[in-house]
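Asker: below: sequence and its predicted model.
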Amino acid sequence: MADAASDRAEGTAVISRRVFVEGLVATGMGLAAGSAPSLPALASPSATPRYFALIVADGFRPDYMTLAPMPNLRALMTSGMAYVRAWVGQLESMTPTGHATLSTGSMPNRDGVIGFEWIDPKTRQEARDGWPPGVLAGLLERDMHASGASSIPAAVKAANPSARVAALSSEKVYAADALGAAAADYVLFHHAAGPKGSLLVPTAVRHHTPPREFLTLPGLRGHLPLRRFSDWDSLSAILAVAVLESFRPDVLMVNLPGADIYGHKYGGPINPRVFREVVAGVDQNIGRIVTAYQRAGIFDQTLFVVTADHGMVPNDRIVSPDAVRAAVREAGGEYIFHTGGTAADIYIHNPWHSRGVAARMAHVPGVSGAYYRVRGQDGITYEPAPGLKIDPNLDDAFRYLLSTFAGPTSPHVTVPFRENTMYQPHPAAHGDHGGLNWGAQHIPLVISGPGVRHGVSHFPARLMDVAPTVLRLLGLPVPPQMDGIVLADALVTPSDAETARQVPLAPALTKYQDALIQQALDNISEDRARGYHPPPPLPLQP
């Protein structure tokens, strides 16, 4: 018990106070310094890469990097471009949404995936297309295809129909399928089988199946219970290496789920005892994948991107589902459901009461704003609750994020929460994400490989900017459907047009981030002074 209490105190001191309060956005800077493993020299800094590898550390906060050495990630940073102010830059900050945008370069309201679930505008019923049953039934791919969005896999295969694309995860089929975006040859994950579901067996999403003998290769299976906090990520990395060695795909997209799994279970940044092992494992598995490219002799032809789909915050405060339902009822709304993690994304049967619901929710303790959906001449937008008192810069940031998922499937009312606040009560320390707060939005982003400049960028790069930048570096045209921009400052030879498009975006996006960061700093300081903190953690068990 003393160790657990010590770790809780250390978690607050190491991450929530020192790193969060002293900067938040500067944590990636230190990783470019110090000794790092040497990587083979690239054939030419301005060459066009032949291969692309995306590694997504699910739910990974940039300040986790301070908890354990990350020499493999640091080596990629040293040889590439690190974006220390990278952020999700959209809603919801959830796994299916983030992975879909990484693949499509499109906002959620354009690629058809705004979360795990949303309302079907025709039936007015809850559509749970992003959860595993919906994914395995083909619903997520159907939604993305119907949206008309393009994707990295689609663009690569359009340029070279014989190209191979693989997307995979050990634990998160919805991450792998969103990355594959229907065009991937192979979409792989592990499912539970055997006695009491104790055997983790590699399998594939229907229509994205490799040869049967691949799935029976030795070493690809796992067993429950796991022994280490790095085991989920190791299963993903081992599967990725096997795919590379068996098929040498032109595009390999890998989800490492461990930081998200244990961030939820143990409260993320408040539990450094767990996350020292998680972080070390993330880096070891990045190294495992990079080494496989070196062993295959194609490292110097490969573009690497390492990032996350969202962040994670602990449960200092709760806005209970009962409080949300009560507010909806008191305002005359007929509640259907709500989601959002670190926000309340509310759907009601009678949307003409949305304005009143937002006004009532604005007074619920733990919220930092309330907005309701409006259909006007410019399409669907979100307006603040009447009388909402909010800093104008924070209001601008919220409205920008809300605009990325505003559409016929988006919530009738969206309520951003304070930092380190979530909508589900838990008896133990817990972590979550999904909303507009900085802890859920801030992510790492590293781009390394042929054609990539070496350095550190403070540009507020978003998930939607990854796909256009990747396609540009691969020498492929960027589809007009993509909402993101080419990150010109990552390129050795950017065009004048690419630079001219990126530079004017920086002031507004930075202003939005600064408002979210200031809110986080203020909320954490106020809540610490008032004695808010998460419950004690669960006993440690992978």
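Answerer: Structure received. Numbering: from 1, shown residues only.

Asker: could you report the neighbour count for the nearest residue in space to Asp527 that is not next to it in sequence?
Answerer: Ranked by C-beta to C-beta, 6 or more residues apart in numbering and with sequence neighbours excluded, the top spatial neighbour of Asp527 is Asp316, at 5.4 Å. All C-beta atoms are positioned from the backbone trio N, CA, C, and that covers glycine. Asp316 has 25 neighbouring residues, counting by other C-beta atoms under 10 Å.

Asker: same thing with Leu200?
Answerer: Neighbours of Leu200 (other C-beta under 10 Å): 23.

Asker: the closest residue in space to it that isn't next to it in sequence: neighbour count?
Answerer: Once flanking residues are discounted, Leu200 sits nearest to Gly222: 3.7 Å by C-beta to C-beta, 6+ apart. Around Gly222 there are 22 other residues, counting by other C-beta under 10 Å.

Asker: give me the residues contacting stretch 509-519.
Answerer: 24-25, 85, 87, 89, 368, 391, 393-394, 396-397, 400-401, 418-419, 436-438, 441, 458-460, 462 (C-beta atoms under 8 Å, 6 or more residues apart in numbering).

Asker: tell me which residues in it are buried?
Answerer: Using 16 or more other C-beta atoms under 10 Å as the test for burial, stretch 509-519 gives 509, 512-517, 519.

Asker: what's near enough to touch the residue nearest to Asp527?
Answerer: Going by C-beta under 8 Å, 6+ apart, Asp316 touches 419-421, 524, 527, 532-534.

Asker: what subset of these is buried?
Answerer: 419-421, 524, 527, 532-534.

Asker: which of these fall within strands?
Answerer: Counting by DSSP state E, the part of the buried ones among the contacts of Asp316 found in strands is Thr421.

Asker: just the buried ones among the contacts of Asp316 now: which is nearest Val324?
Answerer: Within the buried ones among the contacts of Asp316, proximity to Val324 (C-beta to C-beta) peaks at Thr421, which comes in at 12.6 Å.

Asker: isn't that closest one right next to Gly341, touching?
Answerer: No. Using C-beta atoms under 8 Å, Thr421 makes no contact with Gly341, being 10.0 Å away.

Asker: next, the residues that contact stretch 199-217 from outside, please.
Answerer: Counting by C-beta under 8 Å, 6+ apart, residues outside stretch 199-217 touching it are 135-136, 138, 170, 173, 176-177, 180, 184-194, 220-224, 235, 239, 242-243, 246-247.

Asker: what are the boundaries of the helices in the stretch 101-250 of the chain?
Answerer: Assigned by DSSP state H, counting those that start in this stretch, the helices in the stretch 101-250 of the chain fall at 108-111, 132-136, 139-147, 152-159, 173-180, 212-215, 231-247.

Asker: out of those, nearest to Arg355?
Answerer: Across the helices of the stretch 101-250 of the chain, closest to Arg355 is helix 108-111 (C-beta to C-beta), at 21.0 Å.

Asker: quick one: mean pLDDT for that closest one?
Answerer: Averaged over helix 108-111, pLDDT sits at 97.

Asker: ok, now stretch 248-262?
Answerer: 98.

Asker: in that stretch, what counts as buried?
Answerer: For stretch 248-262, by 16+ other C-beta under 10 Å, it's 249-262.

Asker: with stretch 128-140 instead?
Answerer: 128-132, 134-136, 138-140.

Asker: residues touching it, excluding its own?
Answerer: 94, 96-97, 113, 115-118, 127, 141-143, 173-174, 177-178, 205-207.

Asker: can you select the buried ones from the residues you listed in ChimeraX?
Answerer: Typed into ChimeraX, the line below selects the buried ones among the contacts of stretch 128-140, using 16+ other C-beta under 10 Å:
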select :94,96,97,113,115,116,117,118,127,141,143,173,174,177,178,205
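
Asker: closest one of the buried residues of stretch 128-140 to Gly356?
Answerer: Arg128 (27.6 Å).

Asker: for that closest one, give its distance to Ile55.
Answerer: Distance, Arg128 to Ile55, by C-beta to C-beta, to the nearest Å: 28 Å.

Asker: also Asn437?
Answerer: For Asn437, the distance to Ile55 - C-beta to C-beta - is 25 Å.

Asker: also Leu140?
Answerer: 21 Å.

Asker: which residues in the stretch 1-150 of the chain form strands?
Answerer: Taking DSSP state E, counting those that start in this stretch to define them, one finds strands in the stretch 1-150 of the chain at 51-57, 80-83, 118-119, 126-127.

Asker: just put those strands in TSV and tack on distance to Ala280 and mean pLDDT.
Answerer: As requested, these are arranged in TSV below (distance: least, C-beta to C-beta, whole Å; pLDDT from 0 to 100):
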stretch	distance to Ala280	mean pLDDT
strand 51-57	12	98
strand 80-83	19	98
strand 118-119	37	96
strand 126-127	39	96
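
Asker: which among these is found nearest to Val478?
Answerer: Nearest to Val478, of these and by C-beta to C-beta, is strand 51-57 at 14.3 Å.

Asker: what about Ala149, neighbour count?
Answerer: Applying other C-beta under 10 Å, we find 26 residues neighbouring Ala149.

Asker: who's in contact with Arg124?
Answerer: Contacts of Arg124 by C-beta under 8 Å, 6+ apart are 336, 349.

Asker: may I have the phi/psi pair for it?
Answerer: The phi/psi pair for Arg124 (degrees, to the nearest 10) reads phi 60, psi 30.

Asker: returning to what we had before: which among the contacts of stretch 509-519 end up buried?
Answerer: For those, buried by 16+ other C-beta under 10 Å: 24-25, 85, 87, 89, 368, 394, 397, 400-401, 418-419, 436-438, 441, 458-460, 462.
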